[in-house]
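Q: just a sequence and a predicted model for now, questions to come.
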Amino acid sequence: MAAPGTIEFRIDRRSGVTTYLQIVQQVKQALRLGLLEPGDKLPTAREVVEATAINPNTVLKAYRELEREGLVEARRGLGTFVQKSLGASSAAESPYRPALEEWVARAHEGGLDREDMAALFDSVLNEHFSQESP
(Lines give C-alpha, C1' and ligand atoms only; values in the text may rest on other atoms or scores of the structure.)
Protein backbone atom coordinates (compact mmCIF):
# COMPACT_ATOMS: atom_id res chain seq x y z
CA MET A 1 0.00 0.00 0.00
CA ALA A 2 1.20 3.51 -0.79
CA ALA A 3 2.08 5.93 1.98
CA PRO A 4 -0.27 8.88 2.54
CA GLY A 5 0.20 11.49 -0.15
CA THR A 6 1.52 8.96 -2.66
CA ILE A 7 -0.08 6.81 -5.31
CA GLU A 8 0.80 3.46 -6.85
CA PHE A 9 -0.80 2.91 -10.23
CA ARG A 10 -2.41 -0.43 -11.08
CA ILE A 11 -2.68 -1.01 -14.81
CA ASP A 12 -5.25 -3.56 -15.99
CA ARG A 13 -4.36 -4.44 -19.57
CA ARG A 14 -7.59 -6.47 -19.90
CA SER A 15 -9.97 -3.69 -18.87
CA GLY A 16 -10.47 -2.18 -22.31
CA VAL A 17 -9.66 1.25 -20.84
CA THR A 18 -6.60 2.92 -22.35
CA THR A 19 -3.57 2.97 -20.07
CA TYR A 20 -3.28 6.74 -19.93
CA LEU A 21 -6.97 7.01 -18.98
CA GLN A 22 -6.49 4.44 -16.20
CA ILE A 23 -3.79 6.71 -14.74
CA VAL A 24 -6.05 9.77 -15.02
CA GLN A 25 -8.94 7.90 -13.38
CA GLN A 26 -6.74 6.60 -10.55
CA VAL A 27 -5.41 10.08 -9.77
CA LYS A 28 -8.95 11.47 -9.76
CA GLN A 29 -10.09 8.64 -7.48
CA ALA A 30 -7.22 9.33 -5.08
CA LEU A 31 -8.19 13.02 -5.08
CA ARG A 32 -11.84 12.17 -4.35
CA LEU A 33 -10.85 9.88 -1.50
CA GLY A 34 -8.43 12.36 0.03
CA LEU A 35 -5.46 10.06 -0.59
CA LEU A 36 -3.84 12.84 -2.60
CA GLU A 37 -4.10 16.46 -1.54
CA PRO A 38 -2.91 19.80 -2.90
CA GLY A 39 0.87 19.98 -2.69
CA ASP A 40 1.42 16.22 -2.98
CA LYS A 41 3.88 15.14 -5.66
CA LEU A 42 2.93 12.51 -8.22
CA PRO A 43 5.48 9.80 -9.06
CA THR A 44 7.85 10.71 -11.86
CA ALA A 45 7.27 9.18 -15.28
CA ARG A 46 10.38 7.07 -14.70
CA GLU A 47 9.02 5.74 -11.39
CA VAL A 48 5.69 4.85 -13.00
CA VAL A 49 7.45 3.13 -15.92
CA GLU A 50 9.62 1.09 -13.52
CA ALA A 51 6.58 0.04 -11.46
CA THR A 52 4.19 -0.72 -14.34
CA ALA A 53 6.32 -1.39 -17.45
CA ILE A 54 4.36 1.10 -19.56
CA ASN A 55 5.64 3.61 -22.07
CA PRO A 56 6.85 6.90 -20.54
CA ASN A 57 4.87 8.85 -23.17
CA THR A 58 1.70 7.25 -21.81
CA VAL A 59 2.45 8.58 -18.32
CA LEU A 60 3.25 12.02 -19.72
CA LYS A 61 0.00 12.02 -21.73
CA ALA A 62 -1.97 11.24 -18.55
CA TYR A 63 -0.18 13.95 -16.57
CA ARG A 64 -0.82 16.48 -19.39
CA GLU A 65 -4.53 15.61 -19.30
CA LEU A 66 -4.62 16.11 -15.53
CA GLU A 67 -2.80 19.41 -15.96
CA ARG A 68 -5.24 20.50 -18.68
CA GLU A 69 -8.07 19.82 -16.22
CA GLY A 70 -6.33 21.99 -13.62
CA LEU A 71 -5.79 19.16 -11.16
CA VAL A 72 -1.99 19.06 -11.27
CA GLU A 73 0.87 21.35 -12.21
CA ALA A 74 4.15 20.30 -13.78
CA ARG A 75 7.12 22.22 -12.33
CA ARG A 76 10.17 21.96 -14.53
CA GLY A 77 12.93 20.05 -12.79
CA LEU A 78 10.81 19.43 -9.67
CA GLY A 79 7.98 17.12 -10.75
CA THR A 80 4.21 17.13 -11.02
CA PHE A 81 2.22 18.39 -8.06
CA VAL A 82 -1.45 18.20 -7.08
CA GLN A 83 -3.17 21.57 -7.39
CA LYS A 84 -6.66 20.85 -6.08
CA SER A 85 -8.77 18.16 -4.47
CA LEU A 86 -11.97 16.63 -5.80
CA GLY A 87 -13.38 15.30 -2.55
CA ALA A 88 -15.75 17.20 -0.30
CA SER A 89 -14.58 15.12 2.66
CA SER A 90 -12.19 12.30 3.20
CA ALA A 91 -13.32 8.76 2.50
CA ALA A 92 -12.67 7.83 6.12
CA GLU A 93 -15.31 10.37 7.23
CA SER A 94 -18.01 9.34 4.76
CA PRO A 95 -21.23 8.20 6.42
CA TYR A 96 -21.51 5.54 3.69
CA ARG A 97 -18.18 3.89 4.47
CA PRO A 98 -19.33 1.47 7.23
CA ALA A 99 -22.10 0.00 5.05
CA LEU A 100 -19.73 -0.31 2.12
CA GLU A 101 -17.08 -1.99 4.29
CA GLU A 102 -19.70 -4.47 5.50
CA TRP A 103 -20.81 -5.17 1.91
CA VAL A 104 -17.21 -5.75 0.78
CA ALA A 105 -16.56 -8.13 3.69
CA ARG A 106 -19.74 -10.13 2.92
CA ALA A 107 -18.94 -10.24 -0.80
CA HIS A 108 -15.38 -11.41 -0.08
CA GLU A 109 -16.62 -14.09 2.33
CA GLY A 110 -19.08 -15.12 -0.39
CA GLY A 111 -16.22 -15.76 -2.80
CA LEU A 112 -16.00 -12.57 -4.85
CA ASP A 113 -12.52 -11.27 -5.58
CA ARG A 114 -11.55 -7.63 -6.09
CA GLU A 115 -12.25 -7.66 -9.83
CA ASP A 116 -15.66 -9.31 -9.34
CA MET A 117 -16.64 -6.70 -6.76
CA ALA A 118 -15.46 -3.84 -8.95
CA ALA A 119 -17.41 -5.20 -11.92
CA LEU A 120 -20.56 -5.64 -9.82
CA PHE A 121 -20.23 -2.17 -8.30
CA ASP A 122 -19.62 -0.60 -11.73
CA SER A 123 -22.62 -2.44 -13.14
CA VAL A 124 -24.91 -1.11 -10.41
CA LEU A 125 -23.51 2.41 -10.78
CA ASN A 126 -24.01 2.32 -14.54
CA GLU A 127 -27.57 1.10 -14.12
CA HIS A 128 -28.37 3.74 -11.56
CA PHE A 129 -26.88 6.66 -13.47
CA SER A 130 -28.28 5.58 -16.85
CA GLN A 131 -31.78 5.81 -15.33
CA GLU A 132 -31.31 9.43 -14.29
CA SER A 133 -32.64 12.06 -16.65
CA PRO A 134 -29.94 14.22 -18.27
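A: Nice, thanks for sending it over.
Q: now the strands for this protein?
A: Assigned by DSSP state E, the chain shows strands spanning 72-75, 79-82.
Q: just the ones you listed: most buried one?
A: Ranked by mean neighbour count under mean count of other C-beta atoms under 10 Å, the strands of the chain are led by strand 79-82, which reaches a mean of 19. The way it works is simple: take the backbone N, C-alpha and C, and place the C-beta from them, glycine included.
Q: show me this protein divided up by domain.
A: 19-82, 95-130 (automatic domain parsing).
Q: out of those domains, which comes closest to residue 7?
A: Closest approach to residue 7 among those (C-beta to C-beta): domain 19-82, 5.1 Å.
Q: next one, pLDDT for the residue nearest to the spatial centre of the chain please.
A: In the chain, the centroid-proximal residue (C-alpha atoms, centre = their mean) is residue 26; its distance is 1.8 Å. Residue 26 is assigned a pLDDT of 95 by the prediction.
Q: what does the one 10 residues further on give?
A: Residue 36 is assigned a predicted lDDT (pLDDT) of 91.
Q: before we move on, what about residue 46?
A: 94.
Q: equivalent analysis for the one 3 residues further on, please.
A: Per-residue confidence at residue 49 stands at 95 (pLDDT).
Q: what do you get for the one 5 residues further on?
A: pLDDT, residue 54: 95.
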